[in-house]
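A.B. asks: Predicted model, plus sequence, below.
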Amino acid sequence: MINILLDEYRRHKKLIITYMIVCMVLSFFAGSMLPKQAENSAYATELSEADSLVALNDSILGNRLNNLAGDYSGTVSISAEPFTALLFLSIVSNINKLADNPLSLPELPLDKPWILAVLAVFFVASKFMKSNSTTQVFGICTLGYLEKFLGTVCILVIGILSVIGLSTGAGTSVANAAGLTDSALPAESQNIFIGALSSLFSAVMGFLSLIINYIVKTVAKGLDAIQAIFGNVPLVAVLCEAGKALIVLFLCAINVWFPIAGYVLNIIFFITCCLVFRACYYASKYFENIYFLPLFRKVFGLRDRVTLIPKHIPGRFRKVLEEKGITPDFVIPAYVKRRHRNSILRIRPLRRLWLIHSERGTELYFKKYNREKDYFLKLESSPDCTMYLRKGFTLYEIYRFIPNDRNMKKRNPVKDFSLVFSKDYKGYIDKIIELTGYTDIVEEKANIRAERRALRKQKRSFV
């Protein structure tokens, strides 16, 4: 998990650093310019007289934990299901506004009727498309990814607004607790010190909000992907969507009416997401590269940018090819869709591999396989074990059957493994089949049907 987070940080370093700088700068000026409240001047005395952790917390933080829980209550729920969480918060905000704010909610631009109407339309459309097996993949690739993007933007906005207010109060409280406000230091020095503490606090809180958002959002995307890949059974998608919406609505309700309890539930929910993060990460990447990006490239006419040898190959893989003197004819990212428990392919489903062809034949490259690094597995078609390539509607599939007589005599033989790659290679698929020597199962079945029709026609002509 740590390695995945570090990789994502390297990819989005500029965005993350920019976001943290914005939070720090705004918090510094807010913390150094706001006038000190008179009630905070007693914190230093209370700190010296505190004789328990509870008293210590009260003397320094006061009611700030409630503020923290309230301001950050939507982070987890919005990251998981943005449309659901924002719709709920918008309904509560509109009712709360009409009732003169009895809930003391933080000011968010959700209390407008037109925003509520827009969120309701997107919520219904998203749930309908993702609950219907025929539109599920399209719904996830369109409204689903739009939902996750808007959710991230919303988290950034909430993070900036919340971090400024909380860090300003925290910086003032710490300064008062340390006795700086009662010291002989000039007011300008006190303000600068408070601003610096506010900036430090905002940097930590802003970075944590990004981590929470990314982990929860990735888990949500992974669950959507698993649902789309394996959820073709009737009513499964409906039950999954209803279950996710109910969980998020429950979490939102607890956060609004019981902030501290919601704060604890958010932590529990986040820890659970951390436990399943790795599996959901691979599922989300599988879905993104097999379904979403190919659809995006087709809609915007970008498929011609995809080549048989990618411009960006991982540095380690490129170095291995150079060291072994391999000049590939193609290098294609392929994903393990499924495998039999006794398959020759000893790797978990949804993992990415590299399918390559060169003068050495067709091979799969593993970064690590059976405790060996930089391993190449032969994937040749032979008379004893035929390799098939199926031209599907949304992807291309490479597979073979378990090569034993008992299995091959079955009406529907069991597959040893199944690899898939995207439809971006539609313009090269005939060349790929020619190079690999794999059997085009679609063409083979069409030939078998044509032979049967010709045989029946021949028999009728003799009658």
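C.D. replies: That came in fine, so what should we check first? Please read these numbers as outputs of a predicted model, since none were measured by experiment. Numbering: from 1, shown residues only.
A.B. asks: all strands of the stretch 51-200 of the chain, in order?
C.D. replies: Remark: no strands are assigned in the stretch 51-200 of the chain by DSSP state E, counting those that start in this stretch.
A.B. asks: Do a quick rundown of the helices in it.
C.D. replies: 53-61, 64-71, 74-80, 82-98, 113-131, 136-139, 145-177, 187-230 (DSSP state H, counting those that start in this stretch).
A.B. asks: Who are the packing partners of the fifth one?
C.D. replies: Using 3 or more Cβ pairs under 8 Å, 6 or more residues apart in numbering; DSSP states H and E, the elements in contact with helix 113-131 are helix 82-98, helix 136-139, helix 236-257. For the C-beta atoms, the positions are set from N, CA and C on the backbone; glycine is no exception.
A.B. asks: Output the ones you listed as CSV; include the columns distance to residue 129, mean neighbour count and mean pLDDT.
C.D. replies: As requested, the helices and strands packed on helix 113-131 are exported to CSV (distance: least, Cβ to Cβ, whole Å; neighbours: other Cβ atoms under 10 Å; pLDDT from 0 to 100):
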stretch, distance to residue 129, mean neighbour count, mean pLDDT
helix 82-98, 12, 21, 82
helix 136-139, 3, 21, 75
helix 236-257, 10, 17, 83
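A.B. asks: Which among those helices is found nearest to residue 459?
C.D. replies: helix 136-139 (43.5 Å; Cβ to Cβ).
A.B. asks: Please save the CA atoms from that closest one in CSV.
C.D. replies: What follows is helix 136-139, C-alpha atoms only, in CSV (Å, rounded to 0.1, in the frame of the first residue of the first chain):
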residue,chain,number,x,y,z
GLN,A,136,-23.5,-0.5,-16.1
VAL,A,137,-20.1,-0.2,-17.7
PHE,A,138,-21.1,2.9,-19.7
GLY,A,139,-22.5,4.4,-16.6
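A.B. asks: how far does that helix sit from the chain's center?
C.D. replies: From the chain centre to the centre of helix 136-139 is a distance of 16 Å (Cα atoms, centre = their mean, to the nearest Å).
A.B. asks: cool, and stretch 18-26?
C.D. replies: Put simply, stretch 18-26 sits 24 Å off its chain's centre (Cα atoms, centre = their mean).
A.B. asks: swap in stretch 340-355?
C.D. replies: On Cα atoms, centre = their mean, the centre of stretch 340-355 falls 22 Å from that of its chain.
A.B. asks: Now for residue 125, how many residues are close by?
C.D. replies: Neighbourhood size, residue 125 [other Cβ atoms under 10 Å]: 14.
A.B. asks: Next up, the contacts around it.
C.D. replies: Contacts for residue 125 (Cβ atoms under 8 Å, 6 or more residues apart in numbering) come out as residue 143.
A.B. asks: can you check the one 5 residues further on too?
C.D. replies: By Cβ under 8 Å, 6+ apart, the residues touching residue 130 are 136, 139-140, 143-144, 224, 227, 237, 241.
A.B. asks: make it 10 Å
C.D. replies: 136-140, 143-144, 147, 224, 227-228, 231, 237-238, 240-241, 244 (Cβ atoms under 10 Å, 6 or more residues apart in numbering).
A.B. asks: Pick out the residue closest to the middle of this structure.
C.D. replies: residue 218 (2.3 Å; Cα atoms, centre = their mean).
A.B. asks: Figure out which of the helices and strands packed on helix 113-131 is closest to residue 328.
C.D. replies: Nearest to residue 328 among those is helix 136-139 (30.8 Å), distances taken as Cβ to Cβ.
A.B. asks: in its sheet, what does the helix or strand encompassing residue 417 sit against?
C.D. replies: Following DSSP states H and E, one finds residue 417 within strand 415-422. Here strand 415-422 has these sheet partners by DSSP bridges: strand 330-339 (antiparallel), strand 395-401 (antiparallel).
A.B. asks: out of those strands, which comes closest to residue 132?
C.D. replies: Short answer: strand 395-401, nearest of the strands paired with strand 415-422 by Cβ to Cβ, at 20.1 Å.
A.B. asks: right, and the helix or strand after that closest one?
C.D. replies: Downstream of strand 395-401 (by DSSP H and E), the next one is helix 405-408.
A.B. asks: Quick one: mean pLDDT over that next one.
C.D. replies: The pLDDT scores in helix 405-408 average 84.
A.B. asks: How about residues contacting that helix?
C.D. replies: For helix 405-408, the surrounding residues in contact (Cβ under 10 Å, 6+ apart) are 340, 385-386, 401-402, 413-416.
A.B. asks: So among those residues, where is pLDDT lowest?
C.D. replies: residue 385 (84).
A.B. asks: That residue: neighbouring residues, count only.
C.D. replies: Neighbours of residue 385 using other Cβ under 10 Å come to 14.
A.B. asks: surely it meets residue 402?
C.D. replies: Yes - if you go by Cβ atoms under 10 Å, residue 385 and residue 402 touch, sitting 9.1 Å apart.
A.B. asks: want to try CSV for the strands paired with strand 415-422, with mean neighbour count and distance to residue 349 as columns?
C.D. replies: CSV is the format used below for the strands paired with strand 415-422 (neighbours: other Cβ atoms under 10 Å; distance: least, Cβ to Cβ, whole Å):
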stretch, mean neighbour count, distance to residue 349
strand 330-339, 20, 5
strand 395-401, 20, 13
